[in-house]
Structure formats: structure tokens, C-alpha cells
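Chemist: With the input below, show me the fold.
(2 chains)
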Amino acid sequence: RKKMSQAGNLREDTEEAGPSVDSENPEERIAARRLRIAARSEAKKRQELGDDSREKKEIKEEARKSQHQVEQSEKVPLGLCYCYDGTELVTNIQVAADSRESRRQTEVEEAHRLRVEKLENEAKSSLEKFEEITRKWTVAKMKEIPQDLRDSLSSQQQLCALLIEDKNKLIHELQKEMKLSDDRYVKDLKKQAEDVDLMIERMEDQVKFLMGSYRDELDQIENSFEHERKILLTGNRKKWEQYTKERRDKELENVTQRMKRVEEYEVLLQQLRTEDTEEYNMIKIKLDTDVQILEQQLQQMKATYQLNQEKLEYNFQVLKKRDEENTITKSQQKRKITRLQDVVNNLKIKCANQEKQSREENQNLTDDYTRIMQQYKHMQKKMRHFAAIDAKKFEEVWLMNEEEVKALVEKALDTDRLVHEQQLGLAWQRPSLAFMERCGPLQPHRQTQKTAHQAISELLQLGFSVSLSFPPSPPQGFLIESKLLKLLSPLEKDEQSLMKLDSIFTVSYNVTAICMLCHLELAASHQHSMLGLGGRDDTEDAAYWEAMGDVIPEAKLKIWGALEAALDKYHIVLTERSKFITDTQSLKQQNTELRMLLHQYVNSRVNAELEIPPNLVMQLAPEGTN
Amino acid sequence: FANSNISPGAGMYPPVAKLNLAADPRKMRRIIAEDPEWSLTVVPLLSNLCLQHIVRNFEEKPILEELLPRHKDYVLERLSPSLPLQVTANLISDDGYWKRCCKQRWGLCDVSSYGHSWKRMFFERHLENIIELYIPDATDPKTVLGMVPLCRNYVKRLDISQLMPPIKEPQKSEDDDNSDSASDMGMDGPSMDHFDFGILLDKLNHLEEFHVVYRVKGCGMNFEWNLFEFTFRDCESLAKALKSCKTLKVLRIHQSKVDDEKCRQLVNNLLDHPSLRELNLSHNLIGDRGARAIGKLLNRSKLERLTVYDNNIRGPGAQAIAYALAKNSSLLSLNLRLNRLGDEGGQAIAQALLKNRTLKWLHLGGNEMTEPTATVLSQVLVQNNTLRSINLSCNRLGMDGGKVLEEGMCHNSSMVECDIRLTEVGQESDYCISQVVRNNQNQAHRKHNTEENLAQTSEHY
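Modeler: You can find the predicted model right below:
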């Protein structure tokens, strides 16, 4: 099978046109296998038909020769039944031995049967004889004559001997048989040995024959493989040569191509070189000019550098000087600082003094405050007293005013009546005036009093709470700012406490100031409320007074107006008359006076001194004026 | 070279040195090409020295598994084959070592019949030797039992070709009488029992084949009947041993005078055996009752091959076997050669074959069958498709029988072998039958080939 597969592979290698088993395409592989199976079955059929067409096949299917050879070789021993015949030859011996054995068995069986029969017969006959003998013994016992007894004994003996002889004969026969069978056993053994020898011989023959035939087949297979190999070799060599030739050609071609290309490249290189040199020159010139320019620039730069250096040096000198100055100023400053330190110390001392003073001042002020408070209380007392007096006064004023107004009303009414009756000539009727019956101020409301009380109580409470929230000796730190504490930390303890106290006092001073302000405000509000005691409800009063005012109605007023206007006019006229009268009187007086004066003037000596005496002018003037 | 070296000082120095140099030719040579181990270095490697030491002291301190593979090979090559088995049995698995052991002990060895395992061969043959030379009452059973732990993993087959009887001097005269009725008399007289397999078989847990013969080999002129005894007690112990051996597949008891009683005893213990595939009781004395027992066994086991040729089975026994065969579906091969079935048995077997569909190989040679059997067999040839081979040689079928068979053969297409030699059939029918058989053979061959091709093609995928 392996050989076959190898052969198949070889065949597949040679057979390039058809589908290959080694192909990658599975369908192609299937097709290839189908073809192969078909070919094999065909070959088998041909083999069965028995036409020895090996030669034909070899010519016809050159490519598959080796495979067919292998198949044929496989079939030869089967087809021709060498093997079968050979085994038959060998087994013939066994079969013959078997048949002999079976025959022997039957014979032995038969002999055994006969023997048993014979033995049984013998046993029967001998038993009969024995019985006869025993019977005769009884007869012999009966006999008393010695001679008879001897006869009978001898006859008995004879009989016994006969019996024994029979038995012996039988034994002899059996022994003979045994010997025969022994001989036969030996013969059988010999025969068996011969058989075995024969069998070995035949087997060897057969092995030799088979070996020969297999060798032939092997040779043939080898030959066919050799042949195939040769064909393959020549074919492959041809292919090889072809390929080498192709390769050579290709290489030649390549070489020529390469040469050509080399030339081309050389030309190109030359061209490139010239171009490059030109370019190089150009670039060189350009760079040279560049270098020159740059050198110039460098010179310039150097000059500027020189300049800068000088400037800087000068600056450096200046700075040095300044530095010196600075050092001087620094020392001065230091001195100043020390001095200021002294000042600070002094100031501190002063401040302490100041604080002492202010504390004293404060003490004084608090004393003042208490005093003022007492005064204030006095004032309050007084104020209350005055309020009561005011109220009384108010009432009295009120009553007085009312009285006055009523009188005025009466007067108005009177005038109205007079106007009506005297001026207009109309009948006058007195209007109903209810309020005229009333007297005294309108009753003030209780509520305002209450509010005053409340205000007082509130004020007291507030004052109390303020005094609570600012106890006279607050805990240390409550009134000190954290910043201050930080600042104080580097100072000494005494100093610290001093500063703290200072700050506390400033704060407490502020607080007291605030408190004072509060008190003042409260007092003001209190006062206001106290004033509010008199501040009664003015609306009714206004109405009351309005009603009083409105005693003369609008129409009447109009009438009055018109009358007034007319009277005014009349009055004006009258006044003008009077004026004119007075004027004339004054003018008369003036005239007289002026006459006197003129007289005086004219009569004075001065006039005589004058170049142009006023008389002349007067003559002219009185002529003009007159 | 040697001479020139020695000659100047020959007179001066004692001859010892001269002799020493000459005695060891290796020392005289520069290169020893034939020795692959030879090396130019004068001082051997320490590793080699260690390995040599290990080899020398292997019996006291076996070190093998810890070594590197290279060193292992070195040690195994040098170990002596005569080391005690207690050391080597379970330690060395290398076949090379066991090959050397086998070659040293037996010379001629055919390892192919031992599954190409030299170790298995060594232990099987070693155990067989021990059992074959075991003499009851004289040999200590420990010699056998001591081997069990060493060889139980390697022994697959035991082929005992002889079993020694116990040695008895005084009872010679009685033995002659006993030989006629051996089985019964074995009980009273001093024991004639052989080696008791009961102590061994259940311990060999890889045993698959067991062949035994209760006889003595090559006794020559010392022949006595009592050397060839298979006593009832032997049978009993053997039967029990076989029952205890669960792995057994093949059992063969040849030429051991197994008669009906012993056969029944054996079969009784083999009923429902889990693995038994092949039973061979040839060259014995089994009669009809034994055959009946075997028939019973056929359907109470998985037997595939049954061989009982050269026995004494007659018609009734054959009928019993045929009855079992008709219902059986495991037996593939049946050999009843050289029995006395007769037409009665032959017909019964043929009738059974009409029903059976598994038997492939049948041998009925030398059974005194005649024409009536042939007629039934021709029916079988027509109806049965499974039977591949039939052997009817050495039966007196006669011309008519041959013709009947020829007729049956014409309708058959499965028979590949049909042996009708020495059956007195006519040449014509012989030729016809052989022709049909050849056709069938060709067909079978072709079928086989195509199947193989298909298998190959499927393998290719």
C-alpha cells in the first residue's frame, strides 16, 4: 500500500496535465482521486479478463507503468493462487493424516468393540466352565472312593487347566494385539516424522518459489521505478537545462542593460558635476560678499561696543559715587533713627503722663457726668413742674383766646350786621352759633399720657441693658484687638500690659462716649415725649377755630369784598383828596419856607461877591419858573 | 616497537615488566579505534567513576531513576544480567537490559510473539520455567509466590508446557491399577495432584492467555502412565483459579485427558466469565456430556472462538452444541475436527447454521458425515451469507453429496474457503466449487480494495 501510494505520488508528479492529489484545491484532489480509482478498477478488470496486456499497457500508459506494476505484483500470488495451491499442498498432508486418524479411530473403535464382545463371550464361556467345575466339586465331595475322587480331581484339574489355558490364550492374544498396536504406534510415529519432513520440504519449496516470484516482482517493480526515474531524470534535466539557458539569457540581457544604464548615469553625473561647480562658484562669491558685509557689521558692532563700554564705565563711576552718598545717608539715617528712638522714648513717657492725665480727666468727667445727671434730674423735675404750669397757662391762654375770638366773632357779626343794616340797607339775621356756648379747651386724650409712660420705661430698660453690656471692668482681652496682641508679643511684659491697658482705655472711652450719646438721644426723645404732653390733638382745635373763622360765610365775604372794593375806591378817592389837601398844605408851607430861604439867600453878602449875582439868575429863573 | 623498547634493558630488569607490557596490548597502542568508549585522557571522568561504582554496587544500592538520561543509559548498558530479580524487576524498564538477560539465559528468543517486549518475555518465560519445574510437596510454594510481586505487572501469557507430578517411590504397583480409573482413585491414594494454580492466577492481574498441559515433557524410557494424569482435584483447583482470574481471554488445555466430568467442572466455573474470548480443549477425551456443558457455556459467555478438535463428541453432544449455536450471536469460529459427530451431529450443526448469523469459520473435518449432512449444508450455503470458510475434508460425502453441495455453492457469494478434499466427491463438482470459491475470493478482494481506497481517500481529507 505504501509502495502504491509512493507510485501514485510519482505518477502524479509526472502527470502534470491532469488534476493532482497534492493540489490545494479540494475539488481538484477529489477529481484526481476519482480518476485514480477508476484507473485502478479498470486495470483490475483487465487483469480478471486474463489478457496479459502488460506490454500493451506499458506502451499505452507509460506514465502509470510503475503503479500498474505494483498492482500486478500484488495480485500475482492471489490471482494465480500460488499461495492457495501451496497451502493446499501443505495442508494435504494434514488432511491425509486427519483421514488416517479418523480411519484409525473407527478401526480402534471397531477393534475395541470386537474385543469387548470377545471378552464378554470369553467371560461367559469361562463362567460356564467355572460353574461346571464348581458343580463338579460338589459331586466330587459326594464321592468316597479315593479312586473316583482322584479321577474326578484329575478331571477337575484338567478342566481348570483348560480354563487357564483359555485365559492365557486370551491374554496372549491381547498381548499380541498390544504389540501390534505398539508396532503401529511406532509406524505412526515414523509416518508422522515423514509427514512432518515432507511438510517442511514442501513449505521450503513453497517459500523458495514465493521468494523467487516475489523477487522477480520486486525486480520488475524496481525496473519500472528505475525506468520511470530515468524518464523523470531526463525530463527534469531537460527542464533544468532549459531553465539554465533562460537564466543565462536573462543574465546577459541584464548585464547589457546594466552597462547601458551605467553609461547613462555617467553622462548624468558629468552634467550634475558641472552644474554643481557653477552653483558652487556662485554661492562662493555670494558668501564672500556676505562675509565682507558681516565684517563691516562686526566693526560697527565693535565701535558701538566701545561706546557702550565707555558709557557704562561712566555710569559705573556715577553709581559708585551714589553708593558713597548712600552710605553717608545711611549713617545719617541711622543717627536719625537713634535720635528718633530717643524721641519715641520721650513720647512714650509723655504718653504715659498723658494717659495718667486723661485718666484723671476721665475721672473728672465721670464726676461731671454724675453731677450733670443729677442736674438733669433736677431739670426733669423742673420740666414737669413747668409742663403742669404750661398746661394751666395753655388753658388760660385758650380761654383768653376763646374769649377774644368770641368777642371778635361778636364784633364780626356786629360789623356784618352793621354792613347789612347800615351800608346795604338789608335786613340781617343772626346765624346760629353753637360753639359760642362752649368755653375752655377741648378735653385732651389719655393715650398720649400712656405713651409717655411707656417711653420712660423703655428708656430705663435701654439704659439698663447698656450698662449691663458694658461692665465697668471687662475681662482682659475682650477689648484688645488680636493684631495688637501680635504686635505686642516681642515687647516686655510690663510694656505689654501698659499697651493693653491703653488700648482698653481707648475702647472704653469710646464706649462711654457712645453711652453718653445714647443717653443724650434718649433724653432728647424723652424730652420730646415730655413736650408731647402738651401736643394735643390740633385737628379739632383747628376745626373749632375754623368754625369760629367761618362765622362770616363766603357770599357775605364776596359782598364784603365788593363793598370793600367800592369802599376802597371811595377810600382811595378820599385818601387822594386828603393827600391833595395835605399836599397843598405842605406845598403852601414849602412855598413859604422857600420864600424865606430865597429871601435869606438874596439878602446874604455872598451874593455881592459873586461875578454874576444870583439876583440876575433869579430874575431870569423866576421869570422861567414863574 | 615493543621489542626495540625492551631489548636494551632485557638483561638488566626482571622480566615482569616486560611481560606486563606485552600482556596488555592496549597499552602498546596509541589509538584504539574499535572501542567507542576509549579516550585519550589518562584519568577517567569523575562522573564515569561514579557510574561505574553505581554499577558495581547496584545490588546493595540501586540508583537509576535519579540519574540523567545519558548516565542512565551508561549504567543500564553495564548492569549484569545476573542481578537478583528483586532488585531489577520493578526498577528497570529498559528493554535493552532485559534483552541481554533473555539472550544470556535462553539464547534463542523470538520477541515478536511477546508483543516485542523483552521484559515481558523474560518474566513470562521465567515464571513458566519455575512452574514447569515445580514439584508438589518437594518445592516450596514460596518460590512461585515470591515471583508474583515481581512479575505480576508484566506477565500477559502463561504457556505451561509441562507439570511435574509429586515424586512417590513406594506406590508404584498400585499406580498401575489406578491408571484405569484415575479420577476416582486419586482421592484415596496419596495425592497425585500437580501445582495448584489457585495460589497464582488470581494474583496475576494482567494475565490474558493461559495455556496448560498436564503432562511431562521428554520422559523418554522413564514413561509411566501416572506422569500423564489430570486428577479430579487438579481440575477443581484449576477451575477455581480460572474463575478467580478475571482478565483471562484465552484458555487452552491440551492433551490433558479432560473427560466429561472434568470438562463439566471447568465449564461450570467458567460460566459468565467476564472476559473469556477463546476456549481450546483439543486433544482431550470430551464426550457428549462434556459437549453439552460446552453448549451451555456458549450462551453464558462471550466466547468468540471454540476449538474442541480431536475429542470424542458424538451426535448428542453435537446436537447440544448446535442448539446453543442456533441462539448464539458471539461465536465467530468453531472447530470440531476429528470428532465423531456423524450425520446426526452434522445435520444438527447445519440446521443451526440456518439460524445463526455470526459464525464465520467452521471446521467439520474427519467427522464421519455423509450425504444427508451435505444436503442440509447445501441449504446453508444458499441461505447463510455470513459463513466465510467451511472445512468438510475427510468426510465420506460421496458423488451425490458433492453434487448437492455444488448446487448450493452456485447460489452462494460469501464463501471464500471450502475444503472438500478426501470427501469422495466427483472431480466435476470439485472443480465447480473451487471455481465459485475463487470468484468469491476475487470479489471479496476487490471489495476489500475499494474499501481500502475509500478509507485512503477519506484519510486524505
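Chemist: Now do the strands in chain B.
Modeler: B:157-160, B:209-213, B:250-254, B:278-280, B:305-307, B:333-335, B:361-363, B:389-391, B:417-419 (DSSP state E).
Chemist: Same list, the ones you listed, but as JSON lines with mean neighbour count and mean pLDDT please.
Modeler: Glycine gets a C-beta too; all of them are placed from N, C-alpha and C. Output for the strands of chain B, formatted as JSON lines (neighbours: other Cβ atoms under 10 Å in any protein chain shown; pLDDT from 0 to 100):
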{"stretch": "strand B:157-160", "mean neighbour count": "19", "mean pLDDT": "92"}
{"stretch": "strand B:209-213", "mean neighbour count": "20", "mean pLDDT": "93"}
{"stretch": "strand B:250-254", "mean neighbour count": "20", "mean pLDDT": "93"}
{"stretch": "strand B:278-280", "mean neighbour count": "19", "mean pLDDT": "93"}
{"stretch": "strand B:305-307", "mean neighbour count": "19", "mean pLDDT": "93"}
{"stretch": "strand B:333-335", "mean neighbour count": "21", "mean pLDDT": "93"}
{"stretch": "strand B:361-363", "mean neighbour count": "20", "mean pLDDT": "92"}
{"stretch": "strand B:389-391", "mean neighbour count": "22", "mean pLDDT": "91"}
{"stretch": "strand B:417-419", "mean neighbour count": "19", "mean pLDDT": "88"}
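Chemist: Check the spacing between residue B:80 and residue B:420 real quick.
Modeler: 59 Å (Cβ to Cβ, to the nearest Å).
Chemist: Of these two, which one has the most company?
Modeler: residue B:420 (26 against 14; other Cβ atoms under 10 Å in any protein chain shown).
Chemist: How many neighbouring residues does the closest residue in space to that one that isn't next to it in sequence have?
Modeler: Nearest-residue entry for residue B:420: residue B:392, 5.3 Å, with adjacent residues in sequence omitted and distances by Cβ to Cβ, 6 or more residues apart in numbering or on different chains. Residues contacting residue B:392 under the criterion other Cβ under 10 Å number 26.
Chemist: Residue A:176 now?
Modeler: Other residues close to residue A:176 by other Cβ under 10 Å number 10.
Chemist: Next one, pLDDT for residue B:436 please.
Modeler: At residue B:436, the predicted lDDT confidence score is 89.
Chemist: from what I can see it touches residue B:414, true?
Modeler: No - using Cβ atoms under 8 Å, residue B:436 makes no contact with residue B:414, being 10.7 Å away.
Chemist: neighbour-wise, which of those two wins?
Modeler: residue B:436 (20 against 15).
Chemist: List the residues that contact that one.
Modeler: B:409-410, B:412, B:415 (Cβ atoms under 8 Å, 6 or more residues apart in numbering or on different chains).
Chemist: Which single one of the residues you listed is nearest to chain A?
Modeler: residue B:415 (14.0 Å; Cβ to the nearest Cβ).
Chemist: sorry, back to before: can you pull the contacts of the residue nearest to residue B:420?
Modeler: Contacts of residue B:392 (Cβ under 8 Å, 6+ apart): B:364-365, B:369, B:374, B:377, B:405, B:418-420, B:423.
Chemist: Where does the prediction get shaky in the stretch 101-250 of chain B?
Modeler: B:168-191 (pLDDT under 70).
Chemist: Just the element for residue A:325, please.
Modeler: Using DSSP states H and E, residue A:325 sits within helix A:146-418.
Chemist: Please read off the pLDDT at the residue nearest to residue B:272 when sequence neighbours are not counted from the model.
Modeler: In space, residue B:272 comes closest to residue B:300 once its chain neighbours are excluded; the distance is 5.6 Å by Cβ to Cβ, 6+ apart. What the model reports for residue B:300 is a pLDDT of 90.
Chemist: you'd agree residue B:300 is up against residue B:271?
Modeler: Yes - using Cβ under 8 Å, residue B:300 is in contact with residue B:271, at 4.6 Å.
Chemist: list the helices and strands the strand or helix carrying residue A:578 packs on?
Modeler: If you go by DSSP H and E, residue A:578 is part of helix A:554-603. Counting contacts by 3 or more Cβ pairs under 8 Å, 6 or more residues apart in numbering or on different chains; DSSP states H and E, helix A:554-603 packs against helix A:614-625.
Chemist: change it to 10 Å
Modeler: With contacts taken as 3 or more Cβ pairs under 10 Å, 6 or more residues apart in numbering or on different chains; DSSP states H and E, helix A:554-603 sits against helix A:146-418, helix A:614-625.
Chemist: and stretch B:430-441, how far from the chain's centre?
Modeler: Centroid separation for stretch B:430-441 versus its chain: 34 Å, with Cα atoms, centre = their mean, to the nearest Å.
Chemist: Sorry, slip of the keys, the one I care about is stretch B:203-216.
Modeler: For stretch B:203-216, the distance to the chain centre is 9 Å (Cα atoms, centre = their mean).
Chemist: Briefly note if it comes near chain A.
Modeler: No - shown here: stretch B:203-216 not in contact with chain A (Cβ under 10 Å from any Cβ of the partner chain), separated by at least 16.7 Å.
Chemist: okay, how far is it across that stretch, tip to tip?
Modeler: In stretch B:203-216, first residue to last residue: 25 Å (Cα to Cα, to the nearest Å).
Chemist: Please name the nearest non-neighbouring residue to the residue of the stretch 101-250 of chain A found nearest chain B.
Modeler: Per Cβ to the nearest Cβ, residue A:102 is where the stretch 101-250 of chain A lies closest to chain B, at 3.9 Å. Nearest non-adjacent residue to residue A:102, counting by Cβ to Cβ, 6+ apart: residue B:366, 3.9 Å away.
Chemist: Need phi/psi at the one you found.
Modeler: phi 60, psi 50 (degrees, to the nearest 10).
Chemist: what does residue B:258 give?
Modeler: Dihedral angles (degrees, to the nearest 10) for residue B:258: phi -80, psi 110.
Chemist: Report the contact partners of it.
Modeler: Contact analysis of residue B:258 by Cβ atoms under 10 Å, 6 or more residues apart in numbering or on different chains lists B:214, B:230, B:235, B:265-266, B:281-286, B:290, B:308, B:311.
Chemist: can you put the residues you listed in a markdown table and add neighbour count and distance to residue A:251?
Modeler: Putting the contacts of residue B:258 into a markdown table (neighbours: other Cβ atoms under 10 Å in any protein chain shown; distance: Cβ to Cβ, whole Å) gives the following:
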| residue | neighbour count | distance to residue A:251 |
| --- | --- | --- |
| B:214 | 24 | 88 |
| B:230 | 28 | 91 |
| B:235 | 25 | 92 |
| B:265 | 19 | 93 |
| B:266 | 25 | 88 |
| B:281 | 25 | 84 |
| B:282 | 18 | 82 |
| B:283 | 17 | 84 |
| B:284 | 23 | 88 |
| B:285 | 17 | 93 |
| B:286 | 26 | 90 |
| B:290 | 28 | 92 |
| B:308 | 27 | 84 |
| B:311 | 25 | 88 |
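Chemist: Could you provide those residues in TSV, with additional columns for distance to residue B:61?
Modeler: Shown next, in TSV, are the contacts of residue B:258 (distance: Cβ to Cβ, whole Å):
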residue	distance to residue B:61
B:214	44
B:230	48
B:235	48
B:265	50
B:266	48
B:281	50
B:282	51
B:283	51
B:284	52
B:285	56
B:286	56
B:290	56
B:308	54
B:311	57
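Chemist: Please flag which of those residues sit within helices.
Modeler: Per DSSP state H, helices hold the following members of the contacts of residue B:258: B:235, B:265-266, B:290.
Chemist: Go through the residues you listed and name the one nearest residue A:176.
Modeler: Of all the ones in helices among the contacts of residue B:258, residue A:176 sits closest to residue B:290, with 33.6 Å by Cβ to Cβ.
Chemist: which residues does the closest one contact?
Modeler: Contacts of residue B:290 (Cβ under 10 Å, 6+ apart): B:258-267, B:281, B:284, B:308, B:311-313, B:317, B:320.
Chemist: what's the answer for residue A:421, then?
Modeler: So residue A:421 contacts A:427-428 (Cβ under 10 Å, 6+ apart).
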